[in-house]
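Trainee: Pasting the sequence and the predicted model now:
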Amino acid sequence: MNAIKPVSRADADYDPARPSREAAEEAVRTLLRWAGDDPTREGLLDTPDRVVRSYEEFFAGYAEDPTALLSRTFEETEGYDEMVLLRNVAFESHCEHHMVPVIGHAHVAYLPNERVVGISKLARVVEIYAKRLQIQEKMTAQIADAVESVLKPRGVAVVVCAQHQCMTTRGVKKAGVDMVTSRMLGAFKTDRALRAEFFGLTGLPAQGPAAG
């Protein structure tokens, strides 16, 4: 997995390839003018600043390294080797094609191989990848690959369910449609019974032997 090197916000300000905050705010003013409004009117005066600040929150995942996050593990597990499953991890992401929200939840499971990680770290991995411009298929693979790469478990399973506002509020405008993606690695890919247990615990319908 090619992890993105984390960059602090302070260091990012000196990156010659990264536009300045002032340039970002001016870009928002340009979009406001393009949309047909006046960025100098009272109601829009502070909008460029607010948009840039919101983007810092929406895309905070670029400044974090999921590999480093998962590296702190524990070996005192009393021999526990059954499935570890974190269900219903809520997230908000943004579609890289239209830059509109993708809202959903993820289920993340792994079979420990001597080491386990704090459950909050699994939720944070979902958050890191969600806080980037994404397509759901890539995000699902990134979460699974990060867990597999660092923990070296006997298997990893990730299912992501989300609604995409690029198709619910524009385009085909199909409200209430969920997209489901999955990635199965190791034992979850080869062991049908284990995969059925995973889907049973998540409350999702089981998938076939080639899931992933």
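Mentor: Ah, there it is.

Trainee: any idea how far the residue nearest to Glu25 when sequence neighbours are not counted lies from Ala23?
Mentor: Nearest residue to Glu25, sequence neighbours excluded (Cβ to Cβ, 6 or more residues apart in numbering): Pro48, at 3.8 Å. No exception for glycine: its C-beta is placed from N, CA and C like everyone else's. Pro48 sits at a distance of 11 Å from Ala23 (criterion: Cβ to Cβ, to the nearest Å).

Trainee: Among these two, which residue is more densely surrounded?
Mentor: Higher neighbour count among Pro48 and Ala23: Pro48, with 21 against 10, using other Cβ atoms under 10 Å.

Trainee: Now do the contacts for the more buried one.
Mentor: Residues counted as contacts of Pro48 (Cβ atoms under 8 Å, 6 or more residues apart in numbering) are 24-26, 28-29, 32, 39.

Trainee: Tell me the one of the residues you listed nearest Glu57?
Mentor: For those, the closest approach to Glu57 (Cβ to Cβ) belongs to Ala24, at 13.8 Å.

Trainee: which SSE is that closest one in?
Mentor: If you go by DSSP states H and E, Ala24 is part of helix 21-35.

Trainee: in that helix, what's buried?
Mentor: Judged by neighbour count using 16 or more other Cβ atoms under 10 Å, the buried positions of helix 21-35 are 24-25, 28-29, 32.

Trainee: how much space is there between the residue nearest to Glu25 and Tyr80?
Mentor: 52 Å.

Trainee: Check Ala68 too.
Mentor: Per Cβ to Cβ, Ala68 is found 25 Å from Tyr80.

Trainee: Quick one: residues contacting the most centrally placed residue in the chain.
Mentor: Nearest to the mean C-alpha position of the chain, by Cα atoms, centre = their mean, lies Ala130 at 2.4 Å. The contact partners of Ala130, taken as Cβ under 8 Å, 6+ apart, are 61, 91-93, 139.

Trainee: So which of those residues are in helices?
Mentor: Secondary structure assignment by DSSP state H places Met139 of these in helices.

Trainee: Please, a PyMOL command that selects the buried ones among the contacts of Ala130?
Mentor: Listed next is the PyMOL selection for buried residues among these, using 16+ other Cβ under 10 Å:
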select buried, resi 61+91+93+139
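
Trainee: Including pLDDT, could the contacts of Ala130 go into CSV?
Mentor: As requested, the contacts of Ala130 are exported to CSV (pLDDT from 0 to 100):
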residue, pLDDT
Gly61, 95
Phe91, 97
Glu92, 97
Ser93, 97
Met139, 97
